[in-house]
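[1] Quick one: sequence plus predicted model below, questions after.
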Amino acid sequence: MKTLSRLRKTYLFCLTLILVPVALAGQMAHATAAKEAPWLPEAAAYRLTLFLGNLVPVPWDEMAKAWDEPYRGSQFGTGALERLADKSAVDAAALENALAAKDRDAVFAAATRLIAARIDEELNRALAADSPATAQAAITEGQELYRAFADHLQAADPEAALMIGRAWLELSSATGSSGVLGAGTIDSDRDTMSAARAVISNYLAANYLVDAFAPRTKLTAIPETVLRSGRTVALTPALPPGSDIFDQDPLPRLVLKFEEQGIDEKDLPLIAYGDMLFDSAEIFGSPASDLGIACSTCHNRSDINNRLFIPGASHQPGAIDVDGAFFNPIFNDRRDDPLDVPSLRGLRFTGPYGRDGRFASLRDFTRNVIVNEFGGAEPTPFMLDALVAYMQEFDFLPNSMLTAQGELTDLAPEAARRGEEIFNRPFAQMDGQSCASCHIPSANFLDRKAHDIGSADPAYDGARAGAFDTPTLLSIAYNAPYFHDGSLPTLASVVDWFDSTRGLGLSEAERADLTAYLETVGAADEPYEAFDDRKTPFRLAFDELTTFASTLDTLLPARDSHHILVLTDTVAADLAADASTMSNLAERPGIYRMAELLEAVGEAVRADDWEAADVHWADFKATATEIDERVY
């Protein structure tokens, strides 16, 4: 999640770059991740090159695709190389040769020169244009290409970034105007355009069009003159084009035991603090914490985020390789083995944990996620207690077509009843077992064992790495795709796979009935959050965040500075970020005021001024009470 200081830095950065589109994918907050502007294909391919080139081992197939194909979610129908061939005179042969040779340094050098040359090409077009509109179009394209360098240049050489930002503004302003119907015509200022262009081109020549680049352990767009100076530059981690860490839409419904029993979470401070930690990037290490990635990023409201995608770490949406090179290099197993994100619904019933059941303890599994997978600091016992207490409240979605013992009710369709018989039928081809032998209906459709059903290819001869936990079938209608790697898109394809691989000999009608049974078992009465004019997404976030903050009633008297600061850094930032999503704009200042008060609590605690912290906390609660009815 984003701290308030990071929010301010992002704002200042945008001002500095002036007209340059800025990607915010690497600076997100929990509920309000900002959608980035579309990338030009060449700029997108370059940023993907930097990102993928820093993975170990380098995924060369993905690197080649970055230039050959449109990036995921691109608004352009062509890849970078095709676009270059269609509209540019810049020669891409050096880049193509470097990609074919799988020479990381040569790819970086060729790609960097290519982007710089393309910017110069557009600047040439702007100065040669015979109309203001044509010049503006070329300048706009040049700016969007410059975006590939902009944030790294800003971090490494802020004075130069400001100078170049002004040059882009002067260049754009000096193009003149054709007016309207011949009136209001403004001639272009060629001298100003040439001077501004020289500022940009000279910097590109000195830093991005050099004959030889200094060796780089990490591929970045840091200017060559800065790199050769030996000065250390801290870059904020960013996700490449095509990434998606937004919440699902529609938002999955969260079912918690205590809520169903009418208990207020504010009366359960351990659980409320665990809820906060589940939504907090503060517990992870860089880059996850910088990017705003939290437990809830992958597990939206205890379910699966089936739009989650990070190039080089995901083979498809909803999957992630958590033991690859990106999140925690020391935990890198050097294998390209992304797994589908599992649902956490009914977590207390679904142990052992991990896709292959390697953790018997939810506590040990949780620590592994924080420390090993995402490189976070060792969590305190209290933090693990809180996270486990919260996650054990996750429940399955209510389904009126199914009893607690896994039996179909009268509301189930007739096809599902026929499928139930097939589900419970022993098959000789499965050693006399049935589907229900592993997915035991009366045990939440689980047997708590791992089985090798042949869904994974062995990594080597004799390998026994294909055994995976039996997944529950409850709520699975909303968890597609299926299997550990998401290789099967529908429940019908799962039925077809088992019928084919096991030679069950099911008829078409039987397969349809068995599918209907799985869809019925995996269904829910209300799978998604329902919103209206008053119950808005912001209201949901506001209620959650103020509940998180309520744990200060316990933490402040205990003078527990460590856990207070994790909370204030998390919740203050999210309140400020979420304010932009409010429907009732008149109350937005009150939310900013609450964020400032919570940040002030944290500042007072850091200064060991507990009296001031208590005062700010009291003001926060009073403000929340005063505006509560108007917040939506």
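    Structure's in. What do you need? Numbering: from 1, shown residues only.

[2] Find the nearest non-adjacent residue to residue 584, please.
    For residue 584, ignoring the flanking residues on the chain, the nearest one in space by Cβ to Cβ, 6 or more residues apart in numbering is residue 632 at 5.4 Å. Yep, even glycine has a C-beta here, placed from its N, CA and C like the rest.

[3] Over to residue 586?
    Per Cβ to Cβ, 6+ apart, closest to residue 586 is residue 630, 7.6 Å.

[4] returning to that earlier point: residues touching the residue nearest to residue 584, list them.
    Counting by Cβ atoms under 8 Å, 6 or more residues apart in numbering, residue 632 makes contact with 533, 534, 535, 536, 538, 539, 582, 583, 584.

[5] Of these, select the buried ones using a ChimeraX command.
    Isolation of the buried members of these (16 or more other Cβ atoms under 10 Å) is achieved in ChimeraX through the command below:
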select :536,538,539,582,584
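
[6] Distance to residue 430 for the contacts of residue 632 - can I get that in CSV?
    Below are the contacts of residue 632 laid out as CSV (distance: Cβ to Cβ, whole Å):
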residue, distance to residue 430
533, 53
534, 52
535, 47
536, 50
538, 50
539, 50
582, 55
583, 54
584, 58
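
[7] Check the residue nearest the centre of the chain and give its pLDDT.
    What sits nearest the mean C-alpha location of the chain, by Cα atoms, centre = their mean, is residue 245, with 2.0 Å. Note on residue 245: pLDDT of 96.

[8] ok, now how distant is it from residue 252?
    16 Å (Cβ to Cβ, to the nearest Å).

[9] Repeat that for residue 94.
    Distance, residue 94 to residue 252, using Cβ to Cβ: 48 Å.

[10] Just want to know which of the two has more residues nearby.
    The neighbour count for residue 94 versus residue 252, taken as other Cβ atoms under 10 Å, is higher for residue 252 (25 against 15).

[11] Beta-bridge partners for the more buried one, please?
    For residue 252, the beta-bridge partners are residue 528 (DSSP bridges).

[12] That one and residue 306 touch, don't they?
    No: taking contacts as Cβ atoms under 8 Å, residue 252 lies outside contact range of residue 306: 9.5 Å.

[13] what about the nearest residue to residue 624 once chain neighbours are set aside, how many residues close to it?
    Of all residues not flanking residue 624 in the chain, residue 546 sits nearest, at 5.5 Å (Cβ to Cβ, 6+ apart). Look at residue 546: counted by other Cβ under 10 Å, it has 20 neighbours.

[14] what helix or strand is residue 546 on?
    Taking DSSP states H and E as the definition, residue 546 sits inside helix 537-549.

[15] Give the buried residues for the next helix-or-strand element following that helix.
    Scanning forward in sequence from helix 537-549 by DSSP H and E, the next helix or strand is helix 552-555. The neighbour-count check on helix 552-555 (16+ other Cβ under 10 Å) flags 552, 555 as buried.

[16] And stretch 458-478, by the same measure?
    466, 468, 469, 470, 471, 472, 473, 474, 475, 476, 477, 478.

[17] And stretch 440-451, by the same measure?
    441, 444, 445, 446, 448, 450.

[18] Confirm for me that the first one is in contact with residue 407.
    Yes: counting by Cβ under 8 Å, a contact exists between residue 441 and residue 407, whose distance comes to 6.8 Å.

[19] Mind listing the shared neighbours of those two?
    Contacts common to residue 441 and residue 407, judged by Cβ under 8 Å, 6+ apart, are absent.

[20] any low-confidence regions in the stretch 51-200 of the chain?
    181-182 (pLDDT under 70).

[21] hmm, back to that, of the contacts of residue 632, which is the nearest to residue 203?
    Each of those was checked against residue 203 using Cβ to Cβ; the closest is residue 582, at 41.4 Å.

[22] which residues does the closest one contact?
    536, 538, 588, 591, 631, 632.

[23] so what's it scoring on pLDDT?
    On pLDDT, residue 582 comes in at 95.

[24] With the one 5 residues further on instead?
    Looking at residue 587, its pLDDT stands at 95.

[25] where does it land in three-state SS?
    Here residue 587 is recorded as helix under DSSP: H, G, I helix; E, B strand; the rest coil.

[26] got a list of what the closest residue to it other than its chain neighbours touches?
    Nearest non-adjacent residue to residue 587, counting by Cβ to Cβ, 6+ apart: residue 630, 4.9 Å away. Residue 630 is in contact with 584, 586, 587, 590, counting by Cβ under 8 Å, 6+ apart.

[27] separation between residue 630 and residue 542?
    Counting by Cβ to Cβ, the gap from residue 630 to residue 542 is 11 Å.

[28] And for residue 85?
    For residue 85, the distance to residue 542 - Cβ to Cβ - is 51 Å.

[29] related to what we said a few turns ago, what is the helix holding residue 546 packed up against?
    helix 269-278, helix 561-578 (3 or more Cβ pairs under 8 Å, 6 or more residues apart in numbering; DSSP states H and E).

[30] how about 6 Å then?
    Helix 537-549 makes packing contacts with helix 561-578 when contacts are defined by 3 or more Cβ pairs under 6 Å, 6 or more residues apart in numbering; DSSP states H and E.
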